[in-house]
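Asks: Fold the stuff below for me.
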Amino acid sequence: MGTEIERKFLLRDDRWRTAVRVSEDIVQGYLANTERGSIRVRLAGDSASLNLKSMTLGVTRSEFDYPIPADDARAILKFLCMQPLIEKTRHHVPHAGHDWEIDEFRGENLGLIVAELELQHPDQPFTPPSWLGREVSDDPRYYNVCLVEQPYRNWAPQEESGGQG
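Replies: Numbering: from 1, shown residues only. Got it, this is the predicted structure:
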């Protein structure tokens with residue numbers, strides 16, 4: 001069984017931008033979202049995948065990822081996925097031996113920026129970068145699948161992170 005152990009954080013400021021190693025544009029859409037799990041299609045450049053993920057709240061979830069042809073992904077995104085699609089630029093930022101993935105959202109989720117860190121086990125220690133803000137791993141609003149149903153642009157002002165931690 002595949003397992004994802006991931007922690008999500010808001011950002012304190014933009015200092016992370018100076019350390020970006022590489023960035024990639026990603027478009028992903030959801031075919032299903034149930035109380036048990038989600039089915040997603042992701043296109044990143046010419047690479048595409050079909051992903052199944054449990055809806056377990058927290059840092060550890062079951063996850064299965066399968067490569068699919070990019071042309072198939074484009075068709076699935078266009079004709080079968082729930083709207084809006086998730087559009088984002090993923091920036092890879094190395095820090096203290098870890099590869100931080102910082103997702104800068106576009107489209108309906110413009111203004112939201114979330115840092116993610118994948119770990120080997122839930123209690124694995126890491127050194128938080130100075131630009132890291134509040135942890136939102138247990139807040140389902142920040143799950144990509146939830147951003148389809150309740151995009152960031154529709155959040156009430158008191159719900160918005162405003163990029164602050």
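Asks: Could you tell me which helix of this structure is the longest one?
Replies: helix 70-79 (DSSP state H).
Asks: For that helix, which helices and strands make contact with it?
Replies: Judged by 3 or more CB pairs under 8 Å, 6 or more residues apart in numbering; DSSP states H and E, helix 70-79 is in contact with strand 22-33, strand 37-44, strand 47-54. Quick note: C-beta positions are derived from backbone N, CA and C, even for glycine.
Asks: any idea of the angle that helix forms with strand 37-44?
Replies: Orientation of helix 70-79 against strand 37-44 (axes from the mean of the first three to the mean of the last three CA atoms, to 10 degrees) gives an angle of 120 degrees.
Asks: what is the mean pLDDT for helix 70-79?
Replies: Mean per-residue pLDDT for helix 70-79: 98.
Asks: Quick check: what element follows it along the chain?
Replies: Scanning forward in sequence from helix 70-79 by DSSP states H and E, the next helix or strand is strand 86-95.
Asks: what's the average pLDDT for that following strand?
Replies: The pLDDT scores in strand 86-95 average 98.
Asks: buried set for it?
Replies: Buried residues in strand 86-95, defined by neighbour count with 16 or more other CB atoms under 10 Å: Ile86, Glu87, Lys88, His91, Val93, His95.
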